[in-house]
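*Asks:* Using only what follows, build the 3D model:
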Amino acid sequence: MQLSQQPRKSRSFRLLAYRTEVCLFMNSNLLHRKERGKKQPTWRIFSLKELHAATNNFNYDNKLGEGGFGSVYWGQLWDGSQIAVKRLKVWSDKAEMEFAVEVEILARVRHKNLLSLRGYCAEGQERLIVYDYMPNLSLLSHLHGQHASECLLDWNRRMNIATGSAEGIA
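*Replies:* Here you go, the predicted structure:
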């Protein structure tokens with residue numbers, strides 16, 4: 001019986017150590033930002049209760065799409081602002097790392113062609129990332145999906161979009 005519990009304890013310890021490392025990393029970045037005299041971050045930590053209310057309990061009718069690590073839902077905050085909430089669907093070390101990396105990168109990036117981070121929620125097993133909502137669907141939908149015929153993008157415009165996206169990432 002001890003043999004079957006040993007890997008579980010080891011995995012739990014590694015996960016706890018990783019979570020601690022992520023929290024320390026995020027906190028140290030906040031301290032460094034304050035020390036350098038930069039503005040306070042424009043994102044915040046949301047409660048799970050607040051995001052349940054905003055998305056109508058992650059109602060299927062509010063689902064915008066699904067990706068490799070989770071589903072994205074439309075929501076409306078108490079102040080009337082619209083948000084998109086990415087909810088991780090799998091709890092794993094890989095998903096936890098994806099969550100931490102995405103939050104860290106999005107907290108630093110500001111560009112007119114990229115979604116802005118509104119905040120995140122990490123309560124219990126839930127990991128959610130909150131973005132500003134953009135009502136014009138996805139670029140993929142405009143290029144190849146059901147909306148491709150509604151908005152024809154010539155190659156020059158496509159190149160401008162690609163260049164703008166690359167500038168936002170750089």
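
*Asks:* domains in the chain, as residue ranges please.
*Replies:* 1-40, 41-135, 136-170 (automatic domain parsing).

*Asks:* Quickly, which of those bottoms out on average pLDDT?
*Replies:* Note on the domains of the chain: lowest mean pLDDT is at domain 1-40, with a mean of 50.

*Asks:* what ranges do the strands span in this structure?
*Replies:* 44-45, 63-66, 70-76, 82-88, 117-123, 126-132 (DSSP state E).

*Asks:* quick one, which of those strands is nearest to Val101?
*Replies:* Proximity to Val101 (CB to CB) singles out strand 126-132 among the strands of the chain, at 10.9 Å. Every C-beta, even on glycine, is put in place using the N, C-alpha and C of the backbone.

*Asks:* Give the pairing partners of the closest one; include direction for each.
*Replies:* According to DSSP bridges, strand 126-132 forms sheet pairs with strand 82-88 (antiparallel), strand 117-123 (antiparallel).

*Asks:* What residues sit buried inside the first one?
*Replies:* Translated: strand 82-88. For strand 82-88, the neighbour count (16 or more other CB atoms under 10 Å) marks 83-88 as buried.

*Asks:* Can you lay out these as JSON lines showing distance to Ala107?
*Replies:* Putting these into JSON lines (distance: CB to CB, whole Å) gives the following:
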{"residue": "Ile83", "distance to Ala107": "16"}
{"residue": "Ala84", "distance to Ala107": "16"}
{"residue": "Val85", "distance to Ala107": "16"}
{"residue": "Lys86", "distance to Ala107": "14"}
{"residue": "Arg87", "distance to Ala107": "19"}
{"residue": "Leu88", "distance to Ala107": "17"}
